[in-house]
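K.L.:
structure, please.
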Amino acid sequence: MSAARELPCICVFGATGQQGGSVARALYQTGQWRIRAVTRDVNTEKARQLSAELPGIDLVVADMLDRSAVRRALNGCKAVFLVTDFYTQRNIEKAKRGLMGETEEGCVVVDAAKEVGVEWMIFSTLHDVKQITGGKFTVPHFTGKSMVEQRARDIGLKTLAVAPGVFCQNFSSGLFPAIHVTPRGLIEWRLPLRHDVALPLIDISQFGLYVAHALRNPQDYVDKRILCASEYLTLDQCAAIYTQISGVPTVYKRQSMEEYRESAKNVPYVDEYVEMFSYFNEFGYYNGETLHHTLEHFPPTRSFREWLVHSGWRTDLGTAPKVASALGMAKGVGPQHTLGAEKGTGLDFEKRGTGAARQGESASSAGAIGRQM
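P.N.:
All right, here's what the predicted structure looks like:
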């Protein structure tokens, strides 16, 4: 038997996606795990690229609702990384009928992991909006993930819950914010989020670093939630940093919820987005939790500034005037684990803006050019 085959095996769901791919790559680089990568189709270009990039990994096919296939994928694994997706066409259709398809899929994997004796469940989660707000706001793609996390704990799986913040890549994918060019040539980023709401940001290509670090001593993180983000920034701060890096004057302009709803009226899940943004404005993505523990105990990941430099992303001025809603441009892309904010109703950036402190920028100076979320 080769040395690689003697390593403990981790089953990575969503391995050809952003989160699962990052986890597979990070764990592969440690040399401490054998990777079993789950995908719905091993013949896609992404699957072939992953196999070529990570020689020796096992690519297996499993649909999350196929219980037998899921059990086969998990058999013999010490750990599993699970990410679910509210925004697949199948789950969107179920949501229209009031069903929680994402939660159903996640629970199938969780139950199968328990049945075949998986020791560690690493689950990509989000907060329970229904519980936090007392039912005031309904955001199924948050609460549904939290329900899967709770199911894993309830049946006795040792669970590490990792909660990614806002993907920096959402800017470059066209998911948000909406882009408008004024007659004077000033770029405006538009969303219905307060100017003082700070977002936890993450370069999602580095998400796997958090998982790899936690798996070095997993017992330290059982029944805890790991907040995976490098910093907190407001959209005003993001626009100021973007201006500094690109040289293109850019500001954030807050929309009303009514303006947002009209601009995104063709988005199938616009009602959920309205609820989500309202939740962010009042409670925050992480419900008031800071990043102090993450910044102290986990390896650093790229800041928004560093991501801009690394990625080279710039606003496409040729398309900006035509964009009524950037969400409408993101064909088939949902905001999974993407948007968030720190809790608060004032400008308490000591608590809410750890990212500004990380970069040595005060909230006032970083937001000087204009005044996400």
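
K.L.:
quick one: the strands in this structure?
P.N.:
For the chain, the strands defined by DSSP state E occupy 9-12, 34-39, 58-61, 79-82, 120-124, 158-164, 166-167, 178-181, 187-191, 199-202, 225-228, 231-233, 250-254.

K.L.:
present the ones you listed as JSON lines; the columns should include mean pLDDT, distance to residue 276 and mean neighbour count.
P.N.:
The way it works is simple: take the backbone N, C-alpha and C, and place the C-beta from them, glycine included. Shown next, in JSON lines, are the strands of the chain (pLDDT from 0 to 100; distance: least, CB to CB, whole Å; neighbours: other CB atoms under 10 Å):
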{"stretch": "strand 9-12", "mean pLDDT": "98", "distance to residue 276": "27", "mean neighbour count": "27"}
{"stretch": "strand 34-39", "mean pLDDT": "96", "distance to residue 276": "28", "mean neighbour count": "24"}
{"stretch": "strand 58-61", "mean pLDDT": "96", "distance to residue 276": "33", "mean neighbour count": "16"}
{"stretch": "strand 79-82", "mean pLDDT": "98", "distance to residue 276": "22", "mean neighbour count": "27"}
{"stretch": "strand 120-124", "mean pLDDT": "98", "distance to residue 276": "17", "mean neighbour count": "26"}
{"stretch": "strand 158-164", "mean pLDDT": "98", "distance to residue 276": "15", "mean neighbour count": "25"}
{"stretch": "strand 166-167", "mean pLDDT": "94", "distance to residue 276": "12", "mean neighbour count": "26"}
{"stretch": "strand 178-181", "mean pLDDT": "88", "distance to residue 276": "15", "mean neighbour count": "20"}
{"stretch": "strand 187-191", "mean pLDDT": "95", "distance to residue 276": "11", "mean neighbour count": "22"}
{"stretch": "strand 199-202", "mean pLDDT": "97", "distance to residue 276": "13", "mean neighbour count": "29"}
{"stretch": "strand 225-228", "mean pLDDT": "98", "distance to residue 276": "18", "mean neighbour count": "22"}
{"stretch": "strand 231-233", "mean pLDDT": "98", "distance to residue 276": "18", "mean neighbour count": "31"}
{"stretch": "strand 250-254", "mean pLDDT": "96", "distance to residue 276": "16", "mean neighbour count": "21"}
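
K.L.:
between these, which one is closest to residue 293.
P.N.:
strand 225-228 (7.5 Å; CB to CB).

K.L.:
which strands or helices does that closest one pack on?
P.N.:
Judged by 3 or more CB pairs under 8 Å, 6 or more residues apart in numbering; DSSP states H and E, the packing partners of strand 225-228 are strand 158-164, helix 207-214, helix 292-297.

K.L.:
with respect to residue 33, which of the ones you listed lies nearest?
P.N.:
helix 207-214 (8.6 Å).

K.L.:
ok, residues contacting that closest one?
P.N.:
With CB atoms under 8 Å, 6 or more residues apart in numbering as the test, helix 207-214 has contacts from 18-19, 22-27, 29-30, 81, 122, 160, 162, 164, 220-221, 226, 228, 294, 298-299, 301.

K.L.:
low-confidence stretches in this structure?
P.N.:
Counting by pLDDT under 70, the low-confidence segments of the chain come to 1-4, 87-89, 91-92, 94-99, 317-373.

K.L.:
break it into its domains for me.
P.N.:
With domains defined by automatic domain parsing, the chain comprises 7-156, 167-201+230-366.
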